[in-house]
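[1] return atomic coordinates for the entry below.
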Amino acid sequence: MARYKPIDMSPKLMSVDFTRQILPGSFEFALCYLIDHEMDLSAFDQRFRNDEGGAPAYAPALLLKIVLLAYSRGLVSSRTIESACQQNVLFMAVCGGATPHFTTLAAFVSGGGEALSQVFTQVLVVCDRQGLIGRQLFAIDGVKLPSNASKARSGTRKEFQREARKMERAVQRMLARHRQEDLLHTCEPSLRVREVRQLERLQQEAAKTRTWLQAYRDDRRGVRGAIRKSNRTDNESAKMATGKGVIQGYTGVAVVDDKQQILVAAQAPGGARAGTAGSRSGGRPGIPDRRHGLHGRCRV
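    As a prediction, the model looks like this:
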């Protein structure tokens, strides 16, 4: 019977040369080269004010490498990415042994804004310079994505005003009943505590609604000028029908070039006007049909 050498998978302590872990021809090699030599990341520097005081920050190039490498591996959770930087040799090599906290990674992604959009545009420019974009045929597809917002917080300004008045009237009734019960000494202490808590919740909710109405003085309008419901949790999202019911969310839309399947545009507008699955459109990259909710921000 054949005998084989055992495979030892137990933890080991060894020295690792990070530069030898990033092999030429691999995705991580191309990622590091592009970010270090082709990308202009100066837009990220405007977020920092620590040139004379404060602690040093993680370089945007480092965080961008970590996030994009994680996305290429299907890792989209900031906590999971943090663990990968601490335990995975490839991530250690890309980030030079740095271990940014998951809150740092989350803040970088959520606060990137226009700077991240510029990186996307620069990547398209590099791809076009390498002849990877055919400029002839594009596939547009969309999917409806739920947001972290409650459908119950949706409505028009008139509906929100009516809710605020209703809660304020309920508060006044409860206060009047409390005064009456204080005079007659008829309310049990346990019930009084519960009513006080309910009164505080109503007052807070009414105040939040009034604050929102002050911040958003106009109703949202649809494409044809009709009033659309706003959302007090996430006013950029919208109610939309799906195969599994109505959700509060966004329409994620992507445009892919036919030649090398390169993503040339992507947005998530808060509306249901997305491209039909499998639809095709000709034209230049980054200038898809506006009817599909895209705005041509990423040009080549």
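[2] next, the distance between the ends of stretch 38-51.
    Using C-alpha to C-alpha, to the nearest Å, the end-to-end distance of stretch 38-51 comes to 25 Å.
[3] run the chain-centre distance for it.
    21 Å (C-alpha atoms, centre = their mean, to the nearest Å).
[4] pull out the buried positions in it.
    By neighbour count on 16 or more other C-beta atoms under 10 Å, the buried set for stretch 38-51 is 39, 41, 43-44. (C-beta placed from N, C-alpha, C; glycine too.)
[5] kindly report the same for stretch 137-156.
    138-142, 144, 147, 149, 151, 153-155.
[6] so which of the buried residues of stretch 38-51 belong to helices?
    Counted as lying in helices by DSSP state H, out of the buried residues of stretch 38-51, are 43-44.
[7] may I see the buried residues of the helix or strand hosting residue 82?
    Per DSSP states H and E: residue 82 is located in helix 78-87. Using 16+ other C-beta under 10 Å as the test for burial, helix 78-87 gives 78, 81-82, 84-85.
[8] can you list contacts of that helix?
    66-67, 70, 73, 75, 91-92, 95, 98-103, 105-106, 109 (C-beta atoms under 8 Å, 6 or more residues apart in numbering).
[9] now do stretch 167-175
    Counting by C-beta under 8 Å, 6+ apart, 195, 198-199, 202-203, 205-206, 209 sit against stretch 167-175.
[10] 10 Å - rerun?
    195-196, 198-207, 209-210 (C-beta atoms under 10 Å, 6 or more residues apart in numbering).
[11] what's the most distant pair in these?
    Using C-beta to C-beta, the contacts of stretch 167-175 span at most 22.5 Å, a distance reached by 195 and 210.
[12] one step back: of the contacts of stretch 167-175, buried ones?
    For those, buried by 16+ other C-beta under 10 Å: 202-203, 206, 209.
[13] quick one on the thing from earlier: narrow the contacts of stretch 167-175 to those in strands?
    Of the positions in those, not one sits in strands, assigned by DSSP state E.
[14] looking at the residues you listed, which are in helices?
    Going by DSSP H, the helices hold 195-196, 198-207, 209-210 from those.
[15] which of the residues you listed sits closest to residue 239?
    For the ones in helices among the contacts of stretch 167-175, the nearest to residue 239 is residue 209 (18.3 Å; C-beta to C-beta).
[16] tell me the pLDDT of the residue nearest the centre of the chain.
    Nearest to the geometric centre of the chain sits residue 110, at 5.9 Å (C-alpha atoms, centre = their mean). Looking at residue 110, its pLDDT reads 89.
[17] so which of the contacts of helix 78-87 sit within helices?
    Members of the contacts of helix 78-87 lying in helices (criterion: DSSP H): 66-67, 70, 91-92, 95, 102-103, 105-106, 109.
[18] in ChimeraX, how would I select the buried members of those residues?
    Entered in ChimeraX, the line below selects the buried ones among the ones in helices among the contacts of helix 78-87, by 16+ other C-beta under 10 Å:
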select :66,67,70,91,92,95,105,109
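[19] so which of the ones in helices among the contacts of helix 78-87 is the closest to residue 224?
    Here the nearest of those to residue 224, counting by C-beta to C-beta, is residue 109; it sits at 34.7 Å.
[20] right, and that closest one touches residue 103 too?
    No - using C-beta atoms under 10 Å as the test, residue 109 is too far from residue 103 to be in contact (11.1 Å).
[21] burial of the residue lying closest to residue 238 once chain neighbours are set aside, as a residue count?
    Leaving aside its sequence neighbours, residue 238 sits nearest to residue 270 (C-beta to C-beta, 6 or more residues apart in numbering; 4.5 Å). Residues lying near residue 270 (other C-beta atoms under 10 Å) number 21.
[22] residue contacts, residue 270?
    Counting by C-beta under 10 Å, 6+ apart, residue 270 makes contact with 147, 149, 220, 228, 231, 234-240, 248-251, 293.
[23] again, only this time at 6 Å
    236-238, 250 (C-beta atoms under 6 Å, 6 or more residues apart in numbering).
[24] helices of the chain, residue ranges please.
    Counting by DSSP H, the helices of the chain are 27-33, 42-45, 60-72, 78-87, 89-95, 102-110, 114-129, 157-184, 189-215.
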